[in-house]
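> Would you be able to build a 3D model of this:
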Amino acid sequence: MKRRDFLKTSVATATAASTISARAEASRPEPLRAEPRVRILHLKPEEYGAFKIISDGCPHPRKLVRSAVLDARFGKGTSGVLLQPDHWRMIEEGWFSEEELYRPAEFEDPAFRVWHATYKPEVEAHDLLLDLFSDRIKGSFCSTVPELGLTFAEHPCTPRLATVTLAPAFLLPDLAEAIAERTEWLLLDTDTAPLAGSAPATTQPIH
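Down below sits the predicted model:
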């Protein structure tokens, strides 16, 4: 084969391979991503009339899709960019079999530490409210919003643990009103915190 023909053949082969690869990539399905949804905040009674605020998130780690399964279906590196809520949505939609899932259950598992530091109900409530009222935070070591009875705390442990508490309880209506003024994406469940001398409250939509 002449050099000119060899070069032409090499270029054509490389081009064909690139085209096939591009078509294969284009035919891959796209992973589902989690969509915004209204969140519900609950009040958990604590000592001395205080209430810990928690989200409606699952109290234990939920099942995730195995990294190798994600990369095989959607392309190499996909497992490194998807968030745990993305996993949960695809699992809820029935995209994966039980054999393709696992539940992170050990501190040594990075996925467990991510859940504990981000999606654990008390941590999630802390982050949601801290973000919502960031302009009204007072203090640094122990952040507070005194007029709403909120106290935010980051606990010295690994993995991360953060909590937010409400005290005294009579500030609950003020907190509900303040949330309503700022967002339509949070609901406040007041069933667990009836005010003294009043009938048990019901779940109140905050919008």
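> can you list the weak-confidence ranges in the chain?
The model of the chain has pLDDT under 70 over residues 1-27, 140-141, 191-207.
> got the residue ranges for the helices in it?
3-27, 67-74, 84-92, 110-114, 121-132, 172-182 (DSSP state H).
> do you know how far the spatially most central residue of the chain is from residue 165?
The structure's the chain has its C-alpha centroid closest to residue 119; by C-alpha atoms, centre = their mean the separation is 4.9 Å. Relative to residue 165, residue 119 is positioned 19 Å away (C-beta to C-beta, to the nearest Å). For the C-beta atoms, the positions are set from N, CA and C on the backbone; glycine is no exception.
> Go ahead and confirm residue 119 touches residue 57.
Yes. Residue 119 lies in contact with residue 57 (C-beta atoms under 8 Å); the separation is 5.4 Å.
> can you list residues touching both of the two?
Common contact partners of residue 119 and residue 57 (C-beta atoms under 8 Å, 6 or more residues apart in numbering): none.
> how close does the residue nearest to the centre of the chain sit to residue 94?
As defined by C-beta to C-beta, residue 119 lies at a distance of 22 Å from residue 94.
> Skipping its backbone neighbours, what lies nearest residue 37 in space?
residue 185 (7.9 Å; C-beta to C-beta, 6 or more residues apart in numbering).
> mind listing what the one you found touches?
For residue 185, the contact set (C-beta under 8 Å, 6+ apart) comprises 36-39.
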